[in-house]
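A.B. asks: make a model of this:
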Amino acid sequence: MARLEPFSLKFHGKPRVDDRRMLRGIIFINRNGLRWRDTPKDYGPQKTLYNRWNRWRNKGIFAQMMVGLAADHGEERTVMIGVTYLKVHHTASSFAVKKGGRGSLFGRTKGGRNAKLHAACHSKGRPLNLFLTAGQVRQYIGARALLNSLPDVDWLLGDRGYDANWFREALKDKGIPPCLSGRRQRKMIVKYDKRRYKRRNRIEIMFGRLNDWRRVATRYDCCPKVFLSVIALAAPIVYWL
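C.D. replies: Sure, this is the predicted structure:
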């Protein structure tokens, strides 16, 4: 709680329910994939818990926690990028998109309705940056959004989904040597350090630990902002606290 204190909101007036108790309840619900009405009484009134989650989410508290704690990563050697598919529950896909909205950021692929979580992590497998796209979006398109946020490191590891000439050139312009496996369609074989490339399994382990949270592994929320708040809460709790 001392590390989270810079990101907490301060209210004036009537004393409110303890923040630590509320945060524990929010973590319990999102980790176990429960409905808010199923909250145990030990965490306080259900309505208060849901309102606190809504208020913190709308204020961007969970995103600030993720960005603030990851900012002190101190990584100078290796960064890895990757994606994982997140299954969309039928209750989320059944809601209509509001007129003028940006969409729900999920699509239909061979595996059904899903979303794609793009991430960058450092050499110890802790997330540095996360963002969401529809399931059919190509990996190298997601890499374009991650490119500007990459720190100055010695190597970048990624699978063959990121094998694009423009991406390799962009990394060289930033002074980051790429360690990317080549696509099968390439006429010229791309050489890369296979021993170093094996360390990329740490980002897969990172996705696996995030998927231990049921509301991350299965998307119950139609609104992408709400779903990203769940991921932004899970990542600091699992890796940075």
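
A.B. asks: can you tell me the helix or strand for the residue positioned nearest the centre of the chain?
C.D. replies: The residue lying closest to the centre of the chain (C-alpha atoms, centre = their mean) is Leu130, at 3.8 Å. Element membership for Leu130, per DSSP states H and E: strand 127-134.

A.B. asks: how far away is the residue nearest to the centre of the chain from Cys179?
C.D. replies: 21 Å (C-beta to C-beta, to the nearest Å). The way it works is simple: take the backbone N, C-alpha and C, and place the C-beta from them, glycine included.

A.B. asks: one more: His89?
C.D. replies: His89 is 36 Å from Cys179, by C-beta to C-beta.

A.B. asks: out of these two, which sits in the more crowded spot?
C.D. replies: Cys179 (21 against 15; other C-beta atoms under 10 Å).

A.B. asks: which SS class is the more buried one?
C.D. replies: strand (DSSP: H, G, I helix; E, B strand; the rest coil).

A.B. asks: mind listing what's buried in stretch 61-80?
C.D. replies: For stretch 61-80, a neighbour-count test (16 or more other C-beta atoms under 10 Å) marks 61-67, 69-70, 73, 75, 78-80 as buried.

A.B. asks: that stretch: end-to-end distance?
C.D. replies: The first and final residues of stretch 61-80 sit 26 Å from each other (C-alpha to C-alpha, to the nearest Å).

A.B. asks: other residues contacting that stretch?
C.D. replies: 3-4, 6-9, 56, 120-123, 125-130, 150-158, 176, 196, 199-200, 202-203, 228-229, 232-233, 235-236, 240-241 (C-beta atoms under 8 Å, 6 or more residues apart in numbering).

A.B. asks: out of these, which are buried?
C.D. replies: By 16+ other C-beta under 10 Å, the contacts of stretch 61-80 give 4, 7, 56, 120-123, 125-130, 150, 153, 155-158, 176, 199-200, 202-203, 228-229, 232-233, 235-236, 240 as buried.

A.B. asks: how about Tyr85, nearest residue that isn't a chain neighbour?
C.D. replies: Counting by C-beta to C-beta, 6 or more residues apart in numbering, Tyr85 lies nearest to Asn114, which is 4.8 Å off, once chain neighbours are set aside.

A.B. asks: that neighbour and His89: what is the separation?
C.D. replies: Using C-beta to C-beta, we find Asn114 at a distance of 10 Å from His89.

A.B. asks: what touches both of these two?
C.D. replies: Residues touching both Asn114 and His89 by C-beta under 8 Å, 6+ apart: Arg219.

A.B. asks: do a quick rundown of the helices in the protein.
C.D. replies: 19-32, 46-58, 61-70, 90-93, 139-147, 165-173, 194-197, 201-210, 214-217, 224-235 (DSSP state H).

A.B. asks: appreciated, that's everything.
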